[in-house]
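Visitor: The following comprises the amino acid sequence and a computationally predicted model.
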Amino acid sequence: MKSLNPKKEDLLLWFCFFALLFGPAFALFSEYSYNLEANPDILSYLKLAELDFNDSPVRRYRFIIPFLSGGLHILLTPLKTIQPWDFPGPNFTLGLSFLIVNCSIMALSCLVLLKWLRVQGLNFWIALIAPLLVLGSRWTPYFAGLPLVDSLYFLVICSFLYAFATGNKRLFILCLLLGPIAKESFVLFIPLFFLFCPLSLIQLCFWLMISGLFNFSLRYGIDLMAGLDPLESYVADGNHIQHIPGSLTRLFSFHGLYELWSVAGFFNLLLALALIKKYRSKFPAFRWDIMVFIGIIFSHAILSGELARMLYLLLPIFAYYMSFILSSLFEVEITRPSDSLEF
């Protein structure tokens, strides 16, 4: 039988990830309470999809997924006639549009994560555990099934890890441009880029300047078009510092342990093998480059005040270590030595 070419293989894998995610995400989409006061993020992104920028000064610039969903919503409007009688959300077809867009992006993130681990020299079946880890997280149906934009930020992070590993400059530049639009806290990764980057120092500084100008222009244009104060958003971003004391209190408590556990669930038991001397040697050594990445993700969590939701961004690192552990436990050959991220 003729084997699939790489592009068709990638498309098939993407479709499999999409299919595995769509069911749990749809279940959440159709049963969620949609308490917009308790979860104002949803209201903000629903408004953005309808080109209403007069909402949160923090979230109104994260427009890519809302715009894509709003466009799809126009195409799906005829489906209004077949929506359920008791849908709990404010707009069935718009919510369905967010569901389809977010599932597509999360499936693409899973594919990029798989390809990144394959670049590390891991066996396909071992590397496949990484997207399954993502799909099995309790947060993935939440990000895919509701009108949220976290999926794009997760894709950007997976993509720049892959760009580092492969030296793909175009992909890395695309991440620099999209990252701040996906979430403003992307700027926290800048120290990592100066340490590990497929670009030269001059190229990196140039593209960081272009990214800054591009995103500042977008923000200013949105504020100007909506008649809003441009300084309001920067003040709101700075106010995230107020979350630090509460976040640290929660992190160093039993509730903090629960939030850490909830990201990967029972997959945490594999990392618990590090406590057993017999298996300790099977773990790839921690390197300071990985520690920088982990530190940046923890800074995301502490500044945002939503620990588990931000610690979800550690899943690529978790998957990396878990894949090497499984390779050692099942004595699967790694095609080239790698004891750290290929930054």
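Guide: Structure received.
Visitor: drop to CA atoms for contacts and neighbour counts, all remaining ones
Guide: Noted.
Visitor: If you count neighbours, what's buried in stretch 3-15?
Guide: D10, L13, W14, F15 (16 or more other CA atoms under 10 Å).
Visitor: least confident pick among those residues?
Guide: Here the lowest pLDDT out of the buried residues of stretch 3-15 sits on D10, with 91.
Visitor: Wait, it touches C110, no?
Guide: No: counting by CA atoms under 8 Å, D10 stays clear of C110, with 10.8 Å between them.
Visitor: before we move on, the earlier item: including distance to R118 and secondary structure, could the buried residues of stretch 3-15 go into a markdown table?
Guide: Output for the buried residues of stretch 3-15, formatted as a markdown table (distance: CA to CA, whole Å; DSSP: H, G, I helix; E, B strand; the rest coil):
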| residue | distance to R118 | secondary structure |
| --- | --- | --- |
| D10 | 13 | helix |
| L13 | 14 | helix |
| W14 | 15 | helix |
| F15 | 19 | helix |
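Visitor: so can I have JSON lines of those showing distance to P88?
Guide: Shown next, in JSON lines, are the buried residues of stretch 3-15 (distance: CA to CA, whole Å):
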{"residue": "D10", "distance to P88": "36"}
{"residue": "L13", "distance to P88": "32"}
{"residue": "W14", "distance to P88": "30"}
{"residue": "F15", "distance to P88": "28"}
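Visitor: tell me what whatever helix or strand I244 lives in is packed against?
Guide: Here I244 sits within helix 244-251, counting by DSSP states H and E. Secondary-structure packing of helix 244-251 (3 or more CA pairs under 8 Å, 6 or more residues apart in numbering; DSSP states H and E): helix 288-304.
Visitor: Report the inter-axis angle for the helix it packs on versus helix 244-251.
Guide: Interaxial angle of helix 288-304 relative to helix 244-251 (axes from the mean of the first three to the mean of the last three CA atoms, to 10 degrees): 110 degrees.
Visitor: OK, contacts around N168?
Guide: Y162, P198 (CA atoms under 8 Å, 6 or more residues apart in numbering).
Visitor: Can you name the residues that contact the residue nearest to T140 when sequence neighbours are not counted?
Guide: Of all residues not flanking T140 in the chain, V134 sits nearest, at 6.7 Å (CA to CA, 6 or more residues apart in numbering). Contacts for V134 (CA under 8 Å, 6+ apart) come out as C110, T140, A264, L315.
Visitor: Point out the least confident one among the residues you listed.
Guide: A264 (78).
Visitor: got the CA positions of stretch 95-113 in CSV?
Guide: Extracted in CSV, the C-alpha atoms of stretch 95-113 (Å, rounded to 0.1, in the frame of the first residue of the first chain):
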residue,chain,number,x,y,z
GLY,A,95,-20.9,29.9,20.3
LEU,A,96,-20.7,27.1,17.8
SER,A,97,-18.4,29.2,15.6
PHE,A,98,-16.0,29.7,18.6
LEU,A,99,-16.2,25.9,19.2
ILE,A,100,-15.1,25.1,15.7
VAL,A,101,-12.4,27.7,15.5
ASN,A,102,-10.9,26.8,18.9
CYS,A,103,-11.1,23.0,18.3
SER,A,104,-9.3,23.6,15.0
ILE,A,105,-6.5,25.7,16.7
MET,A,106,-6.1,23.2,19.6
ALA,A,107,-5.9,20.3,17.1
LEU,A,108,-3.1,22.2,15.3
SER,A,109,-1.3,22.8,18.6
CYS,A,110,-1.4,19.1,19.2
LEU,A,111,0.1,18.5,15.8
VAL,A,112,2.9,21.0,16.3
LEU,A,113,3.6,19.5,19.7
